[in-house]
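Peer 1: would you be able to build a 3D model of this:
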Amino acid sequence: MNDRLPNHDWPALEPGWVWLCGAGPGDPGLLTLHALNAMRQADVIVYDALVSESILDWAPQAEKIYAGKRGGKPSAKQRDISLHLVDLARAGRRVLRLKGGDPFVFGRGGEEAQTLVQHGIPIRIVPGITAGIAGLAYAGIPVTHRDVNQSVTFVTGHDKAGNTPTAVDWAGIARGSQVIVIYMGMKHIGEIAARLIAAGRSPSEPVAVTTTATLTDQRTIETTLAHVETDIAAAGLEPPAIICVGMAVALRQALDWRGQAAGEAPRNLDPLDLRRPAEAG
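Peer 2: Numbering: from 1, shown residues only. Below you'll find the predicted structure:
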């Protein structure tokens, strides 16, 4: 396979610059071309826990520095990571900060970028595909569908201290968003589900939990708000995970394309019970 990039006016990663780049949710095929271009030029890559070796292999020339942060596990302090980026840039290195998903979607990219700018380091932001969209798509769940929702809310399941976010208006989200996508929510999903139910969501509302999104060992369970905590435990699921709440989950009965590629038949061709062809919508 020819791995050269097609002809284009590709930006140059210059010495002393830091590019904050999204590596996507895991599948190396979901890297953007700008991300690949950055990886081919970098002198040093500071990467997160969710960036796999198969992605890092695209940059054999670069020094690799691990800076992963995983909830409940020993990890580098955010301040130290940000200031290390400053030091690397000031040493004249071509620095790529490679983050899982998108750096500006629950990825601390905003904090790191602000630190760099405050220290006079030039930056470039390279967006990535976030797991809250791609992981669910790989599970056969569209986060928007005209017959289901005209709104979707992306929310984190823990705050800086690792607790259920008190600044999040869970009642407002429950009332105002037809589909809710929760990042980093497994630890507190019982409390989150209880808050959503207390605010009026049905205990029987469909919920999907997807782990190791977009990778070959991706797992997805379908459950309900009332049972999501116990079903996660029964299935032995471990983070990282994306949790989706809403009727969009029902569409997986028809759209589980990975299961169908493995020979499974669609479970229900009309999971919303619309009793009309999809193209008639």
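
Peer 1: from here on, contacts and neighbour counts on C-alpha atoms
Peer 2: OK.

Peer 1: could you point out where the protein is predicted with low confidence?
Peer 2: 1-3, 69-75, 161, 281 (pLDDT under 70).

Peer 1: and the top helix by length along it, what does it pack onto?
Peer 2: Counting residues, the longest helix found in the chain (DSSP state H) is helix 78-90. Applying 3 or more Cα pairs under 8 Å, 6 or more residues apart in numbering; DSSP states H and E, one finds that helix 78-90 contacts strand 95-99, helix 109-118.

Peer 1: pick the most deeply packed of the ones you listed.
Peer 2: Of all the helices and strands packed on helix 78-90, strand 95-99 has the most neighbours on average by mean count of other Cα atoms under 10 Å, namely a mean of 28.

Peer 1: what helices or strands is it leaning on?
Peer 2: Taking 3+ Cα pairs under 8 Å, 6+ apart as the contact cut, strand 95-99 packs with strand 18-22, strand 44-47, helix 78-90.

Peer 1: for residue 48, which of the helices and strands packed on helix 78-90 is the nearest?
Peer 2: Nearest to residue 48 among those is strand 95-99; the distance by Cα to Cα comes to 5.3 Å.

Peer 1: next, format the helices and strands packed on helix 78-90 as TSV and append distance to residue 164.
Peer 2: Shown next, in TSV, are those (distance: least, Cα to Cα, whole Å):
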stretch	distance to residue 164
strand 95-99	23
helix 109-118	21
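
Peer 1: so which of those comes closest to residue 214?
Peer 2: The nearest among those, by Cα to Cα, is strand 95-99 at 15.7 Å.

Peer 1: just checking: what are the partner strands of that closest one?
Peer 2: Using DSSP bridges, strand 95-99 pairs in its sheet with strand 18-22 (parallel), strand 44-47 (parallel).

Peer 1: measure how far that strand is from the centre of its chain, please.
Peer 2: 16 Å (Cα atoms, centre = their mean, to the nearest Å).

Peer 1: what about the helices in the stretch 51-200 of the chain?
Peer 2: 53-56, 78-90, 109-118, 131-138, 170-176, 189-198 (DSSP state H, counting those that start in this stretch).

Peer 1: dump those to TSV, plus distance to residue 232.
Peer 2: Shown next, in TSV, are the helices of the stretch 51-200 of the chain (distance: least, Cα to Cα, whole Å):
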stretch	distance to residue 232
helix 53-56	28
helix 78-90	30
helix 109-118	29
helix 131-138	17
helix 170-176	21
helix 189-198	9
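
Peer 1: which one of those helices is the most hemmed in?
Peer 2: helix 131-138 (a mean of 23).
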